[in-house]
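A.B. asks: Curious how this folds, go ahead:
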Amino acid sequence: MFYVEPQFIHWDYWSNYYKNCDKLGKRGAVYAMTFAEKRPENYELPSQFEHTVYEGMSRGYYIDSQGRKSDKLRSYVHKRHTAHHKSLSEGIPQSRGFELIKQKYGWGDDMINGTLTGEPLWLCLMIPSPNIPDKQVARWCAMYEQMELYRYNMNFGRDPLGNMDCEPRKDANSYSSIRLNELNKNTVERFIC
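C.D. replies: Residues are numbered from 1 along each chain as shown. Predicted coordinates:
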């Protein structure tokens, strides 16, 4: 049996990522960052909100010993959000997509908490079914992330601001683009005539 839909969807303030990522996402999760006035319902998908600014995925866990007396299991979902925290709270973009988020919404705790925008940043975690074998979780996460990005694009005609890697980066004035357009136009004209 193929399990496509998540076991459950969990929304919380993005600033609470450290409370949720290890607890819910040890095996893996597809996640999203969404600006909204109020907390979305746990049946709502990030692709339903135009102000979803980033969708990603991560899977697995590791042992974090950083000078502690005992080792702690940490999810890679948590580790990803710790990296995102630097971009969002300190304004140090880790990618072009996060630079675009910063340009539109700002950065820092006031942005994250909604003081600047009137809409706090929410974290959505979409958790795979426990019936999916551990060795298949990475594939489920990759598939579901792409499905969510596809749904978002179908709903809003573009990708989330932070997922600009999905957008083609062609220079319309380059020789290659001009020549491909000419060839495509000639091919269409040949079939019409």
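
A.B. asks: from here on, contacts and neighbour counts on C-alpha atoms
C.D. replies: Fine.

A.B. asks: Strands along the chain, start to end?
C.D. replies: 8-13, 28-35, 52-59, 61-64, 72-75, 121-127 (DSSP state E).

A.B. asks: Nearest to L180, out of these?
C.D. replies: L180 lies closest, by Cα to Cα, to one member of the strands of the chain: strand 52-59, at 31.6 Å.

A.B. asks: and that closest one, which strands flank it?
C.D. replies: strand 28-35 (antiparallel) (DSSP bridges).

A.B. asks: Name the nearest residue to the residue nearest the centre of the chain, sequence neighbours excluded.
C.D. replies: Nearest to the centroid of the C-alpha atoms of the chain, with distances taken as Cα atoms, centre = their mean, sits E55, at 1.2 Å. Excluding the flanking residues, the one nearest E55 by Cα to Cα, 6 or more residues apart in numbering is A32, at 4.2 Å.

A.B. asks: Quick one: the helices in the protein, in order.
C.D. replies: Assigned by DSSP state H, the chain shows helices spanning 17-24, 76-90, 96-105, 109-113, 137-156, 175-192.

A.B. asks: quick one: buried residues of the shortest one?
C.D. replies: This means helix 109-113. By neighbour count with 16 or more other Cα atoms under 10 Å, helix 109-113 contains the buried residues D109, M111, I112, N113.
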